[in-house]
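*Asks:* for reference, the sequence and a predicted model appear below.
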Amino acid sequence: MVEPQASVERLERLTGMLRRRGIILPAFEIHGGAKGLYDFGPVGGRLRSKVQSVWRDHWLSQGDVVEISCPTVTPFAVLEASGHVAEFSDFMTVCTACDEASRADTLLEAHHANPDALSLSDLQALLDDVQPPCPACGEASWSPVAAENLMFDTVIGAGSSGRAAFLRPETAQGMFTTYPAIYRHFRERLPFGAMQLGRGYRNEISPRQGMIRLREFNMAELEYFIDPETEAPHDLSPWASTEVQLVPAEGDAFAASIPTALAQGVILHPTVAWFMARTHDLMLALGVDAEKLRFRQHARDEMAHYALDCWDVELHGSYGWIECVGIAHRGCYDLEAHEKATGQRLRAWRNYPEPKVVEINGWTIDGAKAGPAFRALAGQVKSKVEALGPEASFPLTVVLDGGEEVLVEEEHVKRVQRTETVAGEWFIPHVVEPAFGIDRIIWHLLDHAYEESGSGEEMYVRMRLHPDVAPVDAAVLPLFEKEGMDTMASEVHRRLCGTRGVLASYDGSGSIGRRYARADEIGVPCCLTVDHTSLEDGTVTWRDRDTGEQTRMSVDDAVRRLAAP
RNA sequence: GCGCACAUGAUCUAGUGGUUAUGAUACGAGGUUCCCAACCUCGUUACCCGAGUUCGAGUCUCGGUGUGCGCACCA
């Protein structure tokens, strides 16, 4: 994508300002820097935490969502169960003629139905066998296949007793591995959600585009557990008149309300629609420009194989349209995978409308006799016997799965004949997951808010950040640092900083205009100026960042306005 | 990972092997100023890292690191 020169220059001025003012900086710069790692600086730190607060409050307000926090260091087995060990590994091989690196499975696509699923040794064997030509130079001479895992690996514990582990590539697994506690917390009633804000790690081969592709990043994910057989109760009527841009997997982009798109069958599931609508609200509450937001549906072949529907929120900025949120219906994939790997029950209970009466009529073993007789095979004998109908008669020769034949005598078995009432069943909940890339969202908030006016030497910069995410809430400025104005301004500053949820800065140097400009550049929503009148009657002027308008008010009123929730 | 280009104060930048390395902005101290980057004086800060060539390297060579772009990759 070739961006016009003007927008490249704007991007350079923006990133330069973000560094200079301590919002976003390359990490470890004094040591030469490190690719794909960024710091939020003295101003950016609070920007991030305010964005996270808005995110947290938005979802908690739903009432059926809890916040958890899980370790980033994650045992091998967890990510093996989730499929990440397999999914995050690419098997690479390098052409010895031209040094072009290729994925071994891609080279072998014509020779195997699903080379992605092959193990390293199978891939190596097939590669040696097929000798595919290099797509770059045509030679067929490949280095040994090597796994490139995109997860950072580490070891829990020292020496030979250490356990293999990874830094998590996503926070989601924590919501699945703590599912039993969440289910208990919600008194065993669906639907409910769990979410966490935290760091994720991906050892990207080639991080690019500033904040867009990072090796360590802030993410925020919510897993919403639902009963696939219960109709979703979401009320989408508040969004009926809000049009959004939609790019469906099939056909052209169009604008429609989310309930309409659901009714048309473009959005495939009501809970996905619900989270799209709620996410849209959240994005606007954070200050995203509605014109630079669209929903894009994943094509079939782009979705993970288990996903039932997936929509990204893409935001438009200096790097084009960038995926910032993914809203995916993941079916029962994750809980089922962990259940299989651990044998733990990760299910919910559903009562039948009417209890079912089940006739049990057949045979089982008499443990006291059959146990000693069959010893290690007793378990297998039991399941074979219980599979027999009531008409079976003993002695009877039973063939076990291993091929062994055992003679089951009449004394080994007992007749079973009873009726049972079954009130319901265990099932694996489905899950809808909105996953947010916090850094990418923050980038776009800055990109959308950054406004230049004038040009050249005259250029004026204003960050029109939403007050809920602005890193500094107010700047306190003495008109001059003398005659007691500085003392009074310091008092106002201290009082504001002592007010919960308020952070103010004090700036007494340079002309008043210069100080307004400094505040505007990092998006401080208002400046409170202490002037001569202030000394007489205890008022200050409140200057609005976006309009430049000034209002005189008492210090008490100013504090109250800033402290308002 | 490959290829091309680039790397000089906080930011942007001048500098074709030879004095004390430009300039602007920003920042700090003081002055001035009754509200939008004004002005005056003074001040602080830089050649990405490491080897090499050379009497001498910011400048040339090699390697590393970082940044941008293209290819590849991107749960």
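*Replies:* It's in.

*Asks:* give me the low-pLDDT residue ranges for the stretch 201-350 of chain A?
*Replies:* Scanning the stretch 201-350 of chain A for pLDDT under 70 picks out A:301-302, A:304-306.

*Asks:* what segments of the stretch 401-550 of chain A are helices?
*Replies:* All helices of the stretch 401-550 of chain A, identified by DSSP state H, counting those that start in this stretch, fall at A:438-449, A:485-497, A:512-521, A:532-537.

*Asks:* how far does stretch A:283-293 stretch from one end to the other?
*Replies:* Distance between the two ends of stretch A:283-293: 9 Å, counting by Cα to Cα, to the nearest Å.

*Asks:* give the contact list for A:Glu457.
*Replies:* When contacts are counted by Cβ atoms under 8 Å, 6 or more residues apart in numbering, A:Glu457 touches no other residue. Where C-beta positions appear, they are placed from N, C-alpha and C, glycine not excepted.

*Asks:* per-residue pLDDT, the closest residue to RNA strand B within the stretch 401-550 of chain A?
*Replies:* Among residues of the stretch 401-550 of chain A, the one nearest RNA strand B by Cβ to the nearest atom of the strand turns out to be A:Gly513. It sits 2.3 Å away. A:Gly513 carries a pLDDT value of 94.

*Asks:* neighbours around it, how many?
*Replies:* The number of residues packed near A:Gly513 is 8, by other Cβ atoms under 10 Å.

*Asks:* that one and A:Ala86: what is the separation?
*Replies:* According to Cβ to Cβ, to the nearest Å, A:Gly513 and A:Ala86 sit 60 Å apart.

*Asks:* one more: A:Thr529?
*Replies:* The value you get for A:Thr529 to A:Ala86, if Cβ to Cβ is used, is 61 Å.

*Asks:* who has more neighbours, these two?
*Replies:* The residue with more neighbours, out of A:Thr529 and A:Ala86, is A:Thr529; 22 against 12, by other Cβ under 10 Å.

*Asks:* right, and the more buried one touches A:Thr541 too?
*Replies:* Yes. A:Thr529 lies in contact with A:Thr541 (Cβ atoms under 8 Å); the separation is 4.7 Å.

*Asks:* what do those two both touch?
*Replies:* Between them, A:Thr529 and A:Thr541 share these contacting residues under Cβ under 8 Å, 6+ apart: A:Gln550.

*Asks:* so what's the closest residue in space to A:Val476 that isn't next to it in sequence up against?
*Replies:* Among residues not flanking A:Val476 along the chain, A:His493 sits closest, at 4.3 Å (Cβ to Cβ, 6 or more residues apart in numbering). Taking Cβ under 8 Å, 6+ apart as the criterion, A:His493 is in contact with A:Val476, A:Ala504, A:Ser505, A:Tyr506.

*Asks:* got it, and A:Val431?
*Replies:* A:Glu223, A:Tyr224, A:Phe225, A:Ile226, A:His329, A:Arg330, A:Gly331, A:Cys332, A:Asp334, A:Leu335.

*Asks:* ok, it to A:Met283 distance?
*Replies:* From A:Val431 over to A:Met283 (counting by Cβ to Cβ), the distance is 22 Å.

*Asks:* A:Arg515 too?
*Replies:* A:Arg515 is 32 Å from A:Met283, where distance means Cβ to Cβ.

*Asks:* among the two, which residue is more densely surrounded?
*Replies:* A:Met283 (23 against 20).

*Asks:* the more buried one contacts A:Leu293, doesn't it?
*Replies:* Yes. The pair A:Met283 / A:Leu293 is scored as a contact, 5.8 Å apart, by Cβ under 8 Å.

*Asks:* what is in contact with these two at once?
*Replies:* A:Val313, A:Leu315.

*Asks:* for the stretch 351-500 of chain A, what lies in contact range of RNA strand B?
*Replies:* Listed as neighbours of RNA strand B in the stretch 351-500 of chain A under the rule Cβ under 7 Å from any atom of the strand: A:Ala435, A:Met459, A:Tyr460, A:Val461, A:Leu479, A:Phe480.

*Asks:* and those, which is closest to A:Leu11?
*Replies:* Lowest distance from A:Leu11 to those (Cβ to Cβ) belongs to A:Val461, with 13.6 Å.

*Asks:* rounded mean pLDDT for stretch A:20-31, please.
*Replies:* Stretch A:20-31 shows a mean pLDDT of 91.

*Asks:* phi and psi next, for the residue of the stretch 151-300 of chain A found nearest RNA strand B.
*Replies:* Among all residues of the stretch 151-300 of chain A, A:Ser206 sits closest to RNA strand B, at 3.8 Å; criterion: Cβ to the nearest atom of the strand. Dihedral angles of A:Ser206 (phi, psi; degrees, to the nearest 10) stand at phi -150, psi 80.

*Asks:* also the one 4 residues further on?
*Replies:* The main-chain torsion angles of A:Gly210 are listed as degrees, to the nearest 10 and equal phi 50, psi -120.

*Asks:* so it sits against A:Thr15, correct?
*Replies:* Yes. Between A:Gly210 and A:Thr15 there is a contact at 6.5 Å, judged by Cβ under 8 Å.
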